[in-house]
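# how does the following fold in three dimensions:
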Amino acid sequence: MLTTDSRLDLPALNAMTRARFVAALGSTFEHSPWVAEAAWTARPFASVGALHAAMFDVVRHAPRTEQLAFLCGHPELAGREAQASTMTADSVSEQASAGLDAPIRFDW
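Reported below is the predicted structural model:
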């Protein structure tokens, strides 16, 4: 398993087995390791942009029901998962960068 301070480079990702690739990138699309698993078949990636595009293509070409489940699997902005502190570290960071972790101020 990779640690948070592990450094990955494109040649290393391109050489990984499917299982290692999913372990390394499975949380990129929150709660959807199936995206990384399907993108693995597009290796070798010529660039990080190509890897990113391959992952988006997996979602884009998934059946509609799977796309809806994918979208519904993401935490609501400042919603129930945020209040229960059950979001992934990436989601917490994303919502914090958007100011969604700040208390609401009413300047009436």
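# which residue ranges of this protein form helices?
Using DSSP state H, the helices of the chain run over 10-15, 18-25, 33-39, 48-60, 64-72, 80-84, 89-97.
# mean neighbour count, those helices: which tops it?
Among the helices of the chain, ranked by average contacts under mean count of other C-beta atoms under 10 Å, first place goes to helix 33-39 (a mean of 20). (Glycine included, C-beta is placed from N, CA and C.)
# send me it as PDB with only the CA atoms.
Coordinates of each C-alpha in helix 33-39 appear next as PDB, following Å, rounded to 0.1, in the frame of the first residue of the first chain:
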ATOM      1  CA  PRO A  33     -11.900   2.600  -7.700                       C
ATOM      2  CA  TRP A  34     -13.700   1.100 -10.700                       C
ATOM      3  CA  VAL A  35     -12.600   4.200 -12.700                       C
ATOM      4  CA  ALA A  36      -8.900   3.600 -12.100                       C
ATOM      5  CA  GLU A  37      -9.400  -0.100 -12.700                       C
ATOM      6  CA  ALA A  38     -11.000   0.500 -16.100                       C
ATOM      7  CA  ALA A  39      -8.500   3.200 -17.000                       C
END
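# against E66, how distant is A54?
16 Å (C-beta to C-beta, to the nearest Å).
# over to A42?
18 Å.
# go on, R7?
Distance from R7 to E66, by C-beta to C-beta: 32 Å.
# same thing with H52?
Relative to E66, and taking C-beta to C-beta, H52 is found at 19 Å.
# same check, this time on C72
Between C72 and E66 the distance is 11 Å, computed by C-beta to C-beta.
# next one: A15
Using C-beta to C-beta, we find A15 at a distance of 28 Å from E66.
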